[in-house]
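**Q** Please find the sequence and the predicted model below.
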Amino acid sequence: MPVNTQQYQVIQDELLQNNVQLIAVSKTKPNEDIQALYDLGQRAFGENYVQELVDKEASLPKDIQWHFIGHLQSNKVKYIAPFVYLIHGVDSEKLLQEINKQAVKNNRVIDCLLQIHIATEETKFGFDGPDLHAFLLSGRVANFTHIRIRGLMGMASFSEDQYLLSNEFTLLKSYFDKASLAFPNGDFNILSMGMSSDYSLAISKGSNMVRIGSLLFGARNYTK
Ligand SMILES: *Cc1c(COP(=O)(O)O)cnc(C)c1O
């Protein structure tokens, strides 16, 4: 299935009206699909797998902003540290330590979002809200000299229940507002929540960055 460029324009119009940034989630999709959206002006793309991201980065235009949105293992940080634009799924201090170490090696500051666990499913990664606040209050964030914490990321439950999703997004927004008090310099200003199926709801609850894949690129086929 080709890229849905018409849908792209519709979504972009909706997002622009709301000052929301679009991350086009291109995992499992070929370079031609990414290039097609790039040619329409899209620069921010999201990927979940380190090797796939490294390969794509090497062969696609250099001004693409690559967002890592998957679950990142510490031992793989080094492969994306030279170029990654924003890491969304940071869910432990151990991972922050490794990202900081690799950022120092690459002589750069890496922007990160802390992932918060809001869904009912056990399988979704992330800090629990109370742990996040304990961490921020501890002041240990200051140890990570080469990381800029830009905000929070979360994934709602895999459900059609709008009431449940709405509550989860509202909860994440409340964590975001509270956490932002720990960053008076204003760098903490990104709330990444919302995907193809729930992005409008997420925006209505305060999201300012959405990660949309299948609506733009079609359904993913993992068996290929
Ligand atoms: C795959 C993925 C998306 C995009 O999902 P769609 O439903 O295809 O829009 C968004 N966020 C994360 C973390 C993902 O892994």
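**A** Thanks, I have the structure now.

**Q** Pull up the residues of the chain that are close to the ligand.
**A** Applying Cβ under 6 Å from any ligand atom, we find that the chain lies next to the ligand at 25, 27, 48, 69-70, 155, 195-197, 211-215. For every residue, glycine as well, the C-beta is placed using N, CA and C.

**Q** For the chain, name the helix or strand with the lowest mean pLDDT.
**A** Taking mean pLDDT, DSSP states H and E as the measure, the chain has helix 129-138 as its least confident helix or strand, at a mean of 91.

**Q** Run through who's touching the following helix or strand past that helix.
**A** Proceeding C-terminally, helix 129-138 gives way to strand 147-154 as the next helix or strand, assigned by DSSP states H and E. Residues outside strand 147-154 that contact it (Cβ atoms under 8 Å, 6 or more residues apart in numbering): 69, 86, 88-89, 96, 99-100, 103, 109-119, 126, 141, 168-169, 172, 175-176, 179-180, 183, 187-193, 209.

**Q** Buried only: go through those for me.
**A** By neighbour count, with 16 or more other Cβ atoms under 10 Å, the contacts of strand 147-154 hold 69, 86, 88-89, 96, 99-100, 103, 110-119, 126, 141, 168-169, 172, 175-176, 179-180, 183, 188, 190-193, 209 as buried.

**Q** Which strands or helices does the longest helix belonging to the chain pack on?
**A** Identified as the longest helix of the chain according to DSSP state H is helix 162-180. If you count contacts as 3 or more Cβ pairs under 8 Å, 6 or more residues apart in numbering; DSSP states H and E, helix 162-180 packs onto strand 110-116, helix 129-138, strand 147-154, strand 190-192, helix 199-204.

**Q** who wins for proximity to E160 among those?
**A** Closest to E160 of the helices and strands packed on helix 162-180 is helix 199-204 (Cβ to Cβ; 11.1 Å).

**Q** For that closest one, which residues meet the burial criterion?
**A** 199, 201-203.

**Q** and it, how far out from the chain's middle?
**A** The chain centroid and the centroid of helix 199-204 are separated by 15 Å under Cα atoms, centre = their mean, to the nearest Å.

**Q** same check, this time on stretch 25-44
**A** Between the centre of stretch 25-44 and the centre of its chain there are 16 Å (Cα atoms, centre = their mean).

**Q** Now for E47, how many residues are close by?
**A** Number of residues near E47 (other Cβ atoms under 10 Å) recorded here: 26.

**Q** I meant to write V10 there.
**A** Neighbour count for V10, taken as other Cβ under 10 Å: 12.

**Q** does the closest residue to Y38 other than its chain neighbours sit in a helix, a strand or a coil?
**A** Of all residues not flanking Y38 in the chain, P61 sits nearest, at 6.2 Å (Cβ to Cβ, 6 or more residues apart in numbering). Look at P61: counting by DSSP: H, G, I helix; E, B strand; the rest coil, its state is coil.

**Q** quick one: P61 and S180, what's the gap?
**A** To S180, P61 is 33 Å away according to Cβ to Cβ, to the nearest Å.

**Q** With G46 instead?
**A** 23 Å.

**Q** on that earlier part again, tell me the gap between the least confident helix or strand of the chain and the middle of its chain.
**A** Taking Cα atoms, centre = their mean, the mean C-alpha location of helix 129-138 is offset from the chain mean by 20 Å.

**Q** Fine, thanks again, bye for now.
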